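S.K.: Coordinates only, no sequence provided:
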Ligand code: ADP
Ligand code: ZN
């Protein structure tokens, strides 16, 4: 009987089927082997996924083509990693091509095709624990956390921990010692950090402790560098892999611990192709491996904290900063009192505090969650507004570039001098961004050394590093920036953090907006008072009476209040969500299909169970994005597998009805456990 194979080609969303010629030994095939296959009018390299029988073949059996040849991967992945990839494809209903790409990144295939490497026999690198620099002794809370985790590592088996430690409580030190313990057990460690390019200090700390036992994986490396780092792990020359979310797919054969630092960070969720959440996948991976997993944060995600409360994770708490350093004092400033504004958004109170710090040669961080100069542009005569031509969002004014930019699709145009509509010249620009704060601060404090850190100032390789180094070396006085300034920096001389306007993220149309704002503000606040001097935080806002400002940075009272709302409104962590986004350049088309799909979903869900809610279709909050209209449907339910089965049945019916119309290209994106509802 002929045998058939399922393969993936590039990032194409669906798998493809071919016949396996008898010359190829089917028993020798492993996931990730490369097959040459005829595809359209040419020949393509495909990845082997699995063997299938004739009943599963979706191509017309008479027309099915043969695999041309095979080259076995010189880098077989650890079997448990393959299981993880399969879980991701199933759980997230992710296009198989993208999932394979995560396990076997194209830089591996490209290099391997260039030089035919020999198969390596994996060997466990014995770590010379003597050589590892000895650490800062741990304090009592750290020791308690360390002991619990290291006992779990010694005993083996799946053990999930939530390390909830306030900013500056020494979580990183606990990770370092936990890793030492893991290496002493002849096992490896995977460490995930959000956006690794933004945390050079953390990587430096790991390097100074573990030297070349570390491989660092991130997207800013060249393909050659990434390949070298990947190979170091595959060959067991490196036993610690540090990376952003894709670091989870490090090809390590003997993982003892997975650490997810700042586990609440939204960047763990991939927002395109393959919408997996690396934090959640890390838990599943640890379960498959029978390993320890540590989620660490000062401001845990509601999902993780809830899992701690119900006993799914063991919670370890570091309630104090190291060396009895005080938590910063937080004061609210009411932006509605316009009389106190010296220049737009900069109040007398904030500026006086800056002046005091400058006089004492201490450092200051000003946080503003918008880059650019001002974020909307309007004609003062006729009210004409400047919107992106591809998206339903207003353009941001970038004064230095003399441009208006769309922060969603990158569209740009020259900043106008007069109104296109009425030729009026009284153009108003409103709102505020990092560029404007920098401009105002430079005018107010001409002698201060001011740096700005946002996506515009860090495009060049190394630029971010330079800014961080200047702050560490105290060759800068004031750092102004977006959320990049909140990410884990440990500057010892920052004694003032000013939040220029806390309201932007709070007003987002997303049920997580309070949680995100709390996390962001508590993290930025955490950048001050990390040295000997006490820190202060000034939060400017138009809504100082908002519940979160009453408790920040105390996490638990905030969590408790917010949780009641989540429960009443049927949101996570009490309910599972799947978000469907349909998009197309023609609005009528997408609206019609979204309605049809929602109808099918509603019918099936009422038949199956009444515990499932289907909301929508409704235009997405950003209705037009990159020239496509977007409609969304939200499916809610307590039982994830039930939710999935309703969706799968509905999609079968929908696709059957739309065999022809879907050719015309309404795009459907499935987002399981969405993090972002816009
Ligand atoms: P977190 O990750 O919780 O924000 P860090 O691990 O960065 O905190 O620790 C903050 C600072 O305190 C670092 O400079 C670190 O070297 C130092 N530190 C960590 N543990 C201790 C300790 N037990 N005693 C003194 N200093 C410590
Ligand atoms: Zn746009």
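M.R.: Thanks, I have the structure now. Since this is a predicted model, take the numbers as computed values, not measurements. Ligands and ions are numbered 1, 2, ... in the order given.
S.K.: Show me which positions of stretch 288-307 end up buried.
M.R.: 288-289, 291-307 (16 or more other C-beta atoms under 10 Å). Backbone N, C-alpha and C define where each C-beta goes, glycine included.
S.K.: So which helix or strand of the protein has the lowest pLDDT on average?
M.R.: helix 106-114 (a mean of 72; mean pLDDT, DSSP states H and E).
S.K.: next SSE after that one?
M.R.: Scanning forward in sequence from helix 106-114 by DSSP states H and E, the next helix or strand is helix 140-155.
S.K.: Could you list the paired strands of the helix or strand following that next one along with their orientation?
M.R.: Using DSSP H and E, the helix or strand that follows helix 140-155 in sequence is strand 159-165. Strand 159-165 pairs in its sheet with strand 292-297 (parallel), strand 314-318 (parallel), by DSSP bridges.
S.K.: Strand 159-165 vs helix 140-155, what angle?
M.R.: For strand 159-165 against helix 140-155, the angle by axes from the mean of the first three to the mean of the last three C-alpha atoms, to 10 degrees is 170 degrees.
S.K.: what does strand 159-165 rub up against?
M.R.: 141, 145, 148-149, 152, 171, 174, 263, 283, 286, 291-298, 300, 304-305, 307-308, 312-319, 555 (C-beta atoms under 8 Å, 6 or more residues apart in numbering).
S.K.: Residue 391 versus residue 10, what's the distance?
M.R.: 27 Å (C-beta to C-beta, to the nearest Å).
S.K.: Same check on residue 366?
M.R.: 29 Å.
S.K.: okay, those two: which has more neighbours?
M.R.: Each of residue 366 and residue 391 has its neighbours counted (other C-beta atoms under 10 Å); residue 366 has more, 25 against 21.
S.K.: mind checking the SS state of the more buried one?
M.R.: Classification of residue 366 using DSSP: H, G, I helix; E, B strand; the rest coil returns strand.
S.K.: close enough to count as contact, it and residue 494?
M.R.: No - Residue 366 lies out of contact with residue 494 (C-beta atoms under 8 Å); the separation is 10.9 Å.
S.K.: Overlap of the contact sets of these two?
M.R.: With C-beta under 8 Å, 6+ apart, residue 366 and residue 494 have common neighbours residue 479.
S.K.: who touches the nearest residue to residue 156 once chain neighbours are set aside in this structure?
M.R.: Nearest in space to residue 156, with sequence neighbours left out and distances taken as C-beta to C-beta, 6 or more residues apart in numbering, is residue 290 at 6.3 Å. Neighbouring residues of residue 290 by C-beta under 8 Å, 6+ apart: 156-158.
S.K.: give me that answer again for 10 Å
M.R.: Neighbour list for residue 290: 80, 156-159, 255-256 [criterion: C-beta atoms under 10 Å, 6 or more residues apart in numbering].
S.K.: Reformat those into JSON lines and put neighbour count, pLDDT and distance to residue 526 next to each item.
M.R.: Supplementary listing: these in JSON lines, determined by neighbours: other C-beta atoms under 10 Å; pLDDT from 0 to 100; distance: C-beta to C-beta, whole Å:
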{"residue": "80", "neighbour count": "16", "pLDDT": "94", "distance to residue 526": "35"}
{"residue": "156", "neighbour count": "14", "pLDDT": "94", "distance to residue 526": "34"}
{"residue": "157", "neighbour count": "12", "pLDDT": "96", "distance to residue 526": "33"}
{"residue": "158", "neighbour count": "14", "pLDDT": "98", "distance to residue 526": "31"}
{"residue": "159", "neighbour count": "21", "pLDDT": "98", "distance to residue 526": "27"}
{"residue": "255", "neighbour count": "26", "pLDDT": "97", "distance to residue 526": "30"}
{"residue": "256", "neighbour count": "26", "pLDDT": "98", "distance to residue 526": "29"}
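S.K.: Count the residues that sit near the closest residue to ligand 1 within the stretch 501-650 of the chain.
M.R.: Nearest residue of the stretch 501-650 of the chain to ligand 1, counting by C-beta to the nearest ligand atom: residue 530, 6.2 Å away. Using other C-beta under 10 Å, residue 530 is surrounded by 21 other residues.
S.K.: what about it, is that helix, strand or coil?
M.R.: Under three-state DSSP, residue 530 comes out as coil.
S.K.: So it is in contact with residue 362, correct?
M.R.: No - Residue 530 is beyond contact range of residue 362, at 12.0 Å (criterion: C-beta atoms under 10 Å).
S.K.: who touches both of those two?
M.R.: 493-495.
S.K.: What separation is there between residue 205 and residue 136?
M.R.: From residue 205 across to residue 136, the span is 11 Å (C-beta to C-beta).
S.K.: list residues touching both of the two?
M.R.: By C-beta under 10 Å, 6+ apart, the residues touching both residue 205 and residue 136 are 173, 176.
S.K.: Just want to know which of the two has more residues nearby.
M.R.: Set residue 205 next to residue 136 and count neighbours by other C-beta under 10 Å: residue 205 wins out with 16 against 12.
S.K.: Please determine how far the closest residue to ligand 2 within the stretch 551-678 of the chain is located from residue 406.
M.R.: Using C-beta to the ion, residue 626 is the residue of the stretch 551-678 of the chain that sits closest to ligand 2, at 6.5 Å. In this view, residue 626 and residue 406 are 9 Å apart by C-beta to C-beta.
S.K.: Who has more neighbours out of these two?
M.R.: Counted by other C-beta under 10 Å, residue 626 and residue 406 do not tie: residue 406 has more neighbours, with 21 against 15.
S.K.: what separates the more buried one from ligand 2, distance-wise?
M.R.: In this view, residue 406 and ligand 2 are 3 Å apart by C-beta to the ion, to the nearest Å.
S.K.: My guess is that residue contacts residue 397. True?
M.R.: No - taking contacts as C-beta under 10 Å, residue 406 lies outside contact range of residue 397: 11.7 Å.
S.K.: Which neighbours do these two have in common?
M.R.: Joint contacts of residue 406 and residue 397 (C-beta under 10 Å, 6+ apart) are residue 386.
S.K.: Starting from the lengthiest strand in the chain, tell me the next helix or strand along the chain.
M.R.: Criterion DSSP state E: the longest strand present in the chain is strand 613-625. Using DSSP H and E, the helix or strand that follows strand 613-625 in sequence is strand 628-637.
S.K.: tell me the average confidence for that next one?
M.R.: For strand 628-637, mean pLDDT is 95.
S.K.: Give the burial count for residue 455, as a bare number.
M.R.: Considering only other C-beta under 10 Å, residue 455 is surrounded by 13 other residues.
S.K.: how far away is it from residue 482?
M.R.: For residue 455 relative to residue 482 (C-beta to C-beta), the value is 7 Å.
S.K.: now swap in residue 364 and tell me
M.R.: According to C-beta to C-beta, residue 364 stands 16 Å off from residue 482.
S.K.: Which of these two has more residues huddled nearby?
M.R.: residue 364 (27 against 21).
S.K.: what sits against that one?
M.R.: By C-beta under 10 Å, 6+ apart, the contact list for residue 364 reads 350, 353-358, 441, 445, 448, 450, 476-480, 493-498, 528.
S.K.: Which of those are buried, as a ChimeraX select command?
M.R.: Listed next is the ChimeraX selection for buried residues among the contacts of residue 364, using 16+ other C-beta under 10 Å:
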select :350,353,354,357,358,441,445,448,450,476,477,478,479,480,493,494,495,496,497,498,528
